[in-house]
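*Asks:* For reference, the sequence and a predicted model appear below.
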Amino acid sequence: MEQVAMDPSGYGYAFGDCGMIFSTDNFGQNWAMSLIEPTFLFNMSIAPNSDGRSALLIGHYDLMLTTDGGQNWNHYRIRQGKQRSL
């Protein structure tokens, strides 16, 4: 696993290599796996005041969002642009 996050409500999420996302609703006693299009993920956040059901996984060019406890994931591609110097 690359990263694990747990909400006080018992919902939690983890992600690993090759597009594997895991979710739990019982403090990690049981985990369900979702396979997504392989993408490089490096961070995640569970939305405050969502009872743990909403989470955002962040990648270099992708965002993965769930609002139903990890049963379904919406994939958003971040547009790749030129880097600017400030």
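*Replies:* Looks like it arrived, so ask away.
*Asks:* Do you know the pLDDT at Gly12?
*Replies:* What the model reports as pLDDT for Gly12 is 92.
*Asks:* The one 4 residues further on now?
*Replies:* On pLDDT, Gly16 comes in at 78.
*Asks:* That one against Trp31, yeah?
*Replies:* No. Counting by CB atoms under 8 Å, Gly16 does not reach Trp31; the two are 11.1 Å apart. Quick note: C-beta positions are derived from backbone N, CA and C, even for glycine.
*Asks:* Spit out the residues that contact the two alike.
*Replies:* Overlap of the contact sets of Gly16 and Trp31 (by CB atoms under 8 Å, 6 or more residues apart in numbering) consists of Phe22.
*Asks:* How many neighbouring residues does Val4 have?
*Replies:* Residues lying near Val4 (other CB atoms under 10 Å) number 14.
*Asks:* can you check Ser23 too?
*Replies:* Number of residues near Ser23 (other CB under 10 Å) recorded here: 23.
*Asks:* In the protein, what helix or strand scores lowest on average pLDDT?
*Replies:* Averaged element by element with mean pLDDT, DSSP states H and E, the chain has its least confident helix or strand at strand 41-46 (a mean of 79).
*Asks:* Now do the buried residues in it.
*Replies:* By neighbour count on 16 or more other CB atoms under 10 Å, the buried set for strand 41-46 is 41, 44, 46.
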